[in-house]
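Trainee: Test case, fold it:
(2 chains)
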Amino acid sequence: MRDTVMDILTESPVTAKPLLEARGLSFAAGGQTLIHGIDLEIEPGKRTLVMGANGSGKSLLLRLLHGLLTPSAGQVLWRGHAPDRAARRAQAMVFQRPVMLRRSVLANLNFALKVHGLAGRDRADRANEALEMARLTDLATHPARVLSGGEQQRLAVARALVCEPDLLFLDEPTSSLDPASTQMIEDLVNAAHKRGVTIVMVTHDMGQARRMGDEVIFLHAGRVAERGSLDQVLGAPRSEAARAWTQGRLYTATDN
Amino acid sequence: MFSFGDIMAEALGLILTWDRDLSEIVALSLRVTLTAVAVACLIGLPLGAIVGAFRFPGRGVATVLLNALMGLPPVVVGLFVYLMLSNAGPLGILGLLYTPTAMIIAQTILVTPIVAALTKQVVEDLHGEYAEQFASFGLSARERVSALLWDARYSLLTVALAGFGRAVAEVGAVLIVGGNINHVTRVMTTTIALETSKGNLELALALGVLLLALAVIVNALVMALRASAVRAAYA
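Mentor: Predicted coordinates:
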């Protein structure tokens, strides 16, 4: 039994109740297990980075946590309960390649607000705020699909944040962007974090990790190889996989 | 014996003087065809979108059926609708046989599978692109279908055009269920067939020219609308 008197006394007195939990989360496809019984907790207000070599299961884990994929075993809990429609709407996700609806920039934002049940005046105010925040006001009436890659990703982040989610997932949102666009995306995400949004982000970029992370979950071959503070995982990794990766010796999850 | 030139000259004369019978026939043709296409779109667009966007048991069978029904023989549809609406048929009590409504029903049956099958293809491609984002938004099935149809709206104009093309050129089904009754159910295609058999080639040719012009005009209008809309708000 874990909760002995000593355990309770030595634990920090105030531990935040996890926003999201994964219990024994596994995922298999094509006869192969890609995620192996992962247990983790995401605490509210934190910026958690998911890192690891190519093919380690980072994007898969994100999709499982967000409910885009159904786990083969285990479960995800939202505030201690099985996620429902309301839970889904308290989360948002930004994909590596932004998915732009075939509508104007403003209509993309309005669509997200509409499906979240915001009506008329409130919707217009929130959409305009989001445009301003993402520096897209001048492009409001432009078709979203003709924007540059950086502008599209800014719109994707703004569209994810406009509904004020509690938790924002980002799957390598700046992997194909130039430094200026990357900076703008990071500013948007950090500003959201300051407003209280919990962040879970996949990134390969150690510089970005240092700018944007509080803690790191390091995945290797579908398992959590290591989890800890940014300084600990990137500076003094305990696992061989994390050590090899930070030293540039591990490219894919199948490398030894 | 008249030459082709004489017949063409007389046909153009009929068009230019805009004969009353001619206008009545053209108006009824447009009414029947546009109503049938509108009803077919009301049924076929959501049906195609559902088959295109969702995985469900029997989806493969539904797809094969929709594709197969695109090639429905008009005379078979005409015969089926005739049997349904004739006095001995289950819907005979409605008294719709040999009315424009019967013709609309027959054309709707012919056009709906075309609209549904082509919509399925358009929506399936779009949904492949949107699926994860829609799942992330937590959209209901109804919200998905309406968003997909809205975002595919300009491609779906072409789908509606394909339905219009089928309906406006159709003769077999409307002849069987409409009967080609003067001032009641006479449309362009059935009149062309009748007048040609009677040797009244001027009127038949005039209607043929008008039918062709109508198809070109409707296509041009829809394409122009699509092009300007795409430039304005869609890429």
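Trainee: count of neighbours near residue 170?
Mentor: Since you didn't name a chain, this refers to chain A. 26 (other C-beta atoms under 10 Å in any protein chain shown). Where you see a C-beta, it was placed from the backbone N, CA and C, and this is true even at glycine.
Trainee: right idea, wrong chain: chain B
Mentor: By the measure other C-beta under 10 Å, the count of residues near residue B:170 is 24.
Trainee: can you pull the contacts of it?
Mentor: B:74, B:107, B:110, B:189 (C-beta atoms under 8 Å, 6 or more residues apart in numbering or on different chains).
Trainee: isn't there a strand covering the last one?
Mentor: No - the assignment for residue B:189 (DSSP: H, G, I helix; E, B strand; the rest coil) gives helix, which keeps it out of a strand.
Trainee: So it versus residue B:8, what's the distance?
Mentor: Going from residue B:189 to residue B:8 by C-beta to C-beta, to the nearest Å gives 20 Å.
Trainee: cool, residue B:89 as well?
Mentor: Counting by C-beta to C-beta, the gap from residue B:89 to residue B:8 is 43 Å.
Trainee: Repeat that for residue A:176.
Mentor: The gap separating residue A:176 from residue B:8 is 62 Å, by C-beta to C-beta.
Trainee: okay, residue B:189 and residue B:8: which has more neighbours?
Mentor: residue B:189 (23 against 16).
Trainee: ok now do the closest residue to the more buried one other than its chain neighbours, which residues does it touch?
Mentor: Excluding the flanking residues, the one nearest residue B:189 by C-beta to C-beta, 6 or more residues apart in numbering or on different chains is residue B:171, at 4.0 Å. Contacts for residue B:171 (C-beta under 8 Å, 6+ apart) come out as B:74, B:189, B:190, B:192, B:193.
Trainee: Buried residues in whichever helix in chain B runs longest, which are they?
Mentor: For chain B, the helix with the greatest residue count under DSSP state H is helix B:100-137. Across helix B:100-137, burial judged by 16 or more other C-beta atoms under 10 Å in any protein chain shown covers B:100-124, B:126-127, B:130, B:132-137.
Trainee: who's in contact with the helix or strand following it?
Mentor: Counting by DSSP states H and E, the next helix or strand C-terminal to helix B:100-137 is helix B:141-151. With contacts defined as C-beta under 8 Å, 6+ apart, helix B:141-151 is touched by A:101-103, A:111, A:115, B:45-46, B:49-50, B:52-54, B:119, B:123, B:126-127, B:130, B:134, B:139, B:156.
Trainee: The same query, at a cut-off of 6 Å, please.
Mentor: A:101, A:102, B:45, B:46, B:49, B:53, B:123, B:126, B:127, B:134 (C-beta atoms under 6 Å, 6 or more residues apart in numbering or on different chains).
Trainee: Quick check: which of those has the minimum pLDDT.
Mentor: On pLDDT alone, residue A:102 ranks lowest of these, at 92.
Trainee: residues near that one, how many?
Mentor: By the criterion of other C-beta under 10 Å, residue A:102 has 23 neighbours.
Trainee: Over to residue A:164?
Mentor: Quick note: residue A:164 (other C-beta under 10 Å) scores 13 neighbours.
Trainee: which sections of the stretch 1-150 of chain A are below the confidence cut-off?
Mentor: Scanning the stretch 1-150 of chain A for pLDDT under 70 picks out A:1-16.
Trainee: Show me which residues of it sit near chain B.
Mentor: A:68, A:85, A:88-89, A:93, A:99, A:101-102, A:104, A:115, A:143, A:145-146 (C-beta under 6 Å from any C-beta of the partner chain).
Trainee: Relative to residue B:183, which of the contacts of helix B:141-151 is nearest.
Mentor: Using C-beta to C-beta, residue B:45 comes nearest to residue B:183 of the contacts of helix B:141-151, at 34.0 Å.
Trainee: Which of the helices or strands spans residue B:61?
Mentor: Assessed by DSSP H and E, residue B:61 sits inside helix B:59-69.
Trainee: That helix - contacts with which helices or strands?
Mentor: helix B:100-137 (3 or more C-beta pairs under 6 Å, 6 or more residues apart in numbering or on different chains; DSSP states H and E).
Trainee: Which strands and helices lie in contact with the helix it packs on?
Mentor: Right, helix B:100-137 is packed against helix B:20-53, helix B:59-69, helix B:74-85, helix B:141-151, helix B:153-168, helix B:172-178 by 3+ C-beta pairs under 6 Å, 6+ apart.
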